[in-house]
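> Just a sequence and a predicted model for now, questions to come.
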Amino acid sequence: MKLLMTTAVSALVVLGSTAAMADIKLGASLSASGPAAFLGDPEAKTIEMMVDQINEAGGINGEKIDLVLYDDGGDPNKARTFATRLVEDDEVVAIIGGSTTGTTMSILSVAEDAEVPFISLAGAIQIIDPVRRWVFKTPHTDRMACEKIFSDMQQKGITKIGMISGTDGFGASMQAQCKDVAPKYAIEILADETYGPQDADMTPQLTKIRNTDGVQAILNPGFGQGPAIVTRNKAQLGIDLPLYESHGVASDGFIKLAGAAAAEGVRLPGTALLVAAILPDSDPQKPVVTAYKAAYEAKYGETVSTFGGYAHDAVDLMTNAMKTGGSDPAAIRDALEATQGYVGTTGIYSFSPEDHLGLDLSAFKMLEIRDGGWTLID
Amino acid sequence: MDALLQFMLSGVTVGAVYALVALGFTIIYNASDVVNFAQGEFVMLGGMITVFTYQAGLPLPLAAVLAIAITSLVGVALNKLALEPARGAPVVSLIIITIGASIFIRGAAQLIFDKQLHRFPSFSGDAPIHIFGATLVPQSLWVIGGAVLVFIALWLFFTKTLTGKAVLATANNRLAAQLVGINTGWVMTLSFALSAAIGALAGVLVTPITLVGYDVGVGLALKGFAAAMLGGMGNPKGALVGGISLGLLEALTAGYLSSQYKDAVAFIVILAVLFVMPQGLFGKSTTERV
Amino acid sequence: MKLSSKWMQLAALAVLVAVLPLFFPSGYYYRVGALIFVNGLAVTGLVILIGYAGQISLGHAGFAGIGGYACALAPAHLGLPPSLSILLGAVISALLAMLIGKPILRLRGYYLAVATLGFGILVSMVLTNERALTGGPDGMAVQGLALRKILRGWGWKLTSGEFWYILSALAMLVGVWIALNLFQSATGRAMRALHGSEVAARTVGIDVARLKLQAFVISAVYASVAGSLLALQNQFVTPDIAGFMHSIEMVTMAVLGGVGSVLGAVTGSAILTLLPQVLTVFAEYEQLVLGLVMILVMIFLPRGLLPSIAAKLKGRGE
């Protein structure tokens, strides 16, 4: 028993030793490992890189940022523990994080209780609807992705589609949002199939969609290996219908995994980040995305993803707010909410007391894969 | 009709993946009664090492051979460093050790490699083969062929070779096996090397279809374990039949019932089979060691 | 001697629980403590199943999921208060355990493992797929417990962390007390006989099937209540609670600490809950260290941390 006590106490001592005094404390809990590492890994790398950049440039109003970053592995329970640790033990003045909707929802109530501003990096609309005083987010909602895709379909005269979605959080959430918003664009969903996040073959589901009369296009909400396999399987089956993917696979890696031949003609809503090179010079986002892309790729030797971009914008927004708010959580929050016309990699943000996302549909660009690269459709 | 055929082809492809993983469980189980939950990690290592050595400029066949060789060494190390020292521990402890090993290997893989998904080219191109209106990618034939070949090799190994019989004897009664002159230490080393090699081979064959990342092992091990139990743990025939049945079940459920509940149907069938045949389809009744 | 040992174990645990907060530098430690106790409760249930009765389960997170979602769904759809929802979850878990336990528990060893695994996966699949009801993989919000407000009304103002620390500790202590009582009862002795040898137990007239089922149902209730407490404390629940990894985590806690003893299991849950928190300093190596700890403990302390160390200290076996 004495042993148990000493073990526990010594463990607590180790825990306690991480708390140190610092300038401006910024907290982050991300899914840098686990099933959502696709999201969390580039996010964590981006945040670390940007905080270093800011500190090398002299910090904020002369004060350095002290980043406390935890890896919640995509587990909402762990995320809540880390969020508690960030506010109670590390005493951070602001939190960025929640790579997934589940982890975000767990962090959210801690941030609200502790009255600490929190920028989420997850997609679901329920994070900011209803608006919560302390909670903001940078990614577009899944609903906006659906709307962007459906409006493109509408322009092409497509009214009847088949859907094949991943059963992970990302796919399932977008699937629900798309089904919800489809009538607005007069889109009828004739087939609604799903696949598990680690499935190896989706030809049965695609065969079902192909054999459904009247389907004019296929929509695949999902991320990870699923969409790459769906794209390959569709090519294998020789299904000659337009394929729409989600913003979840908006990265060069997707083209490589799916293969340029199979991915030819695939359309998806993406951000300026993906097409930095082909943006017109007049585009206000061009300098931001070019700078971030160059810095990230030089530092980590891998291509940027939309998700890292979400983190980039969150850090920028938060540190900008710190310039006026300093180390006072309430002042940072007020400054954050007052942000107008911030140009990020994802879009141009203007927050208000009624809108804690601050992006509109124009933030999305419809992209098409041609000859193994991206082209802008609109 | 062509739909049914397509479902079957998909089922057999996926089933062959499961069967390859399930076959990997067989040897270690036969030699030591241990279900190695790190088996999925061998598959991952096979895929990842091939990817990275191939990217480094090695020709694909050489990269694959290297991956299989390195993974075998990992298997031997697992036995020597983690399982041999714990010999005689209850089965629950052995399960925890192999799960610990799987977490360890995954942790090492994400440090040594990365957290991205990878793929290397299919062995015989991507042009689909058309069979009565249904299609199959050539890589599927590699996977199916691989599963069948490994099955035949294992079956011959256990029934026709002295070494294979020595493995079975070791599992049956280690002391007795030693008394009749079997070098049981060597048998265990061999078993782990072979199991790891089969796992790595599976990784090499399936990566062009399923892609590979540092964390694909858990999912594969789970399905492979279920397939092996469905067929009867320890029996190569069980692993093959269990794997293919599981794949077919999933594909047919996805095709005709609900793609959402295809994994559920697969597990319900496994439960149902176990209720009727508590040792799986081809399992032998043995005394338990729990 | 036996009786005093039971009360000594319980008292030691209670004192520890009461004294530890004196050393807490911040409110975060209450959260970690509460997690340890909730896990400890679930793991105590597994001690009854694995340690006493010798049956394995890789699907107990399924019951935690049922308990957790009972607290999310019953208040939202049936208007039940959260406290009664815990009970409802426990009853559903018990009934389900009885229903599936009968056929499943005829299986042995790895076959039992895969069957329970299948059960857990089925539960998590339903929670993931029935989006309209459960919110799907994104999870759903859980109403808080009214008790804290009532206590505040009585002038006892507790932070959320303190409240959950106390409540989880009480739940665990009650769980441990029941388990220790069971250990000494006729049923407990029969269970241990069953663990030793099923055939021998049968020959001395023990109703093996019934006993296994009892252990299974009891452990299911423990897991369910723990799941409920976790959901209520987090005010949010996702299907991860019923996932395969959670099942594995629970079994690992039990075995690591020492599945033959209740205190050992609680130690195991403390270590596995603390480890990721301590390892954040070298986050990159967290998985490496975790895997290594599991392997090393099983090799050098095969009966689990606490029993092995206790045996070494005493210089004799148990």
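Yes, it's here.
> Tally up the residues packed near whatever residue of the stretch 251-378 of chain A ends up closest to chain C, please.
Proximity of the stretch 251-378 of chain A to chain C (CB to the nearest CB) peaks at A:Tyr300, 14.2 Å away. (C-beta placed from N, C-alpha, C; glycine too.) Counted by other CB atoms under 10 Å in any protein chain shown, the residues lying close to A:Tyr300 total 17.
> Quick one: the strands in the stretch 1-150 of chain B, in order.
B:129-131, B:134-136 (DSSP state E, counting those that start in this stretch).
> ok, now chain A?
With DSSP state E, the ranges of strands along chain A come out as A:24-30, A:65-71, A:94-97, A:118-120, A:135-137, A:160-166, A:188-195, A:217-220, A:243-245, A:267-270, A:342-343, A:348-349, A:365-370, A:373-376.
> What strands flank the last one, and is each parallel or antiparallel?
It stands for strand A:373-376. strand A:365-370 (antiparallel) (DSSP bridges).
> Run through who's touching the partner strand.
Residues from elsewhere that reach strand A:365-370 (CB atoms under 8 Å, 6 or more residues apart in numbering or on different chains): A:148-149, A:152, A:250, A:255, A:260, A:263-272, A:274-275, A:374-378.
> which parts of it are buried?
Across strand A:365-370, burial judged by 16 or more other CB atoms under 10 Å in any protein chain shown covers A:365-369.
> Same question for stretch B:76-86.
Buried-residue list, stretch B:76-86, by 16+ other CB under 10 Å: B:76, B:78-79, B:82-83, B:85-86.
> Identify the residue spatially nearest to B:Leu45, adjacent ones excluded.
The shortest distance from B:Leu45 to any non-neighbouring residue, by CB to CB, 6 or more residues apart in numbering or on different chains, is to B:Thr71 (4.6 Å).
> list the contacts for that neighbour?
Here B:Thr71 is in contact with B:42, B:45-46, B:49, B:196-197, B:199-200, B:203 (criterion: CB under 8 Å, 6+ apart).
> out of those, which is most surrounded?
Counting by other CB under 10 Å, top hit in these: B:Gly199 with 35 neighbours.
> my guess is that residue meets B:Gly24, correct?
Yes. Applying CB atoms under 8 Å, one finds B:Gly199 in contact with B:Gly24, separated by 4.2 Å.
> what touches both of those two?
In contact with both B:Gly199 and B:Gly24: B:39, B:42-43, using CB under 8 Å, 6+ apart.
> Just send these back as CSV, with distance to chain A and pLDDT too.
Converted to CSV, the shared contacts of B:Gly199 and B:Gly24 look like this (distance: CB to the nearest CB, whole Å; pLDDT from 0 to 100):
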residue, distance to chain A, pLDDT
B:Gln39, 15, 93
B:Phe42, 17, 96
B:Val43, 12, 95
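> measure stretch A:111-122 end to end?
15 Å (CA to CA, to the nearest Å).
> Could you find the residue nearest the spatial middle of the chain?
You didn't say which chain, so I picked chain A. A:Phe307 (4.3 Å; CA atoms, centre = their mean).
> meant chain C, my bad for not saying
C:Ala42 (0.8 Å).
> winner for burial among the strands of the stretch 1-150 of chain B?
strand B:134-136 (a mean of 21; mean count of other CB atoms under 10 Å in any protein chain shown).
> residues contacting residue 252?
No chain in the question, so chain A it is. Taking CB under 8 Å, 6+ apart as the criterion, A:Asp252 is in contact with A:274, A:303.
> The chain in question should be chain C.
Counting by CB under 8 Å, 6+ apart, C:Thr252 has contacts B:96, B:99, C:268, C:272, C:294.
> again, only using 6 Å
B:Ile96 (CB atoms under 6 Å, 6 or more residues apart in numbering or on different chains).
> Helix, strand or coil: sort out it for me.
Three-state assignment for C:Thr252 (DSSP: H, G, I helix; E, B strand; the rest coil): helix.
> and the gap between it and chain A?
15 Å (CB to the nearest CB, to the nearest Å).
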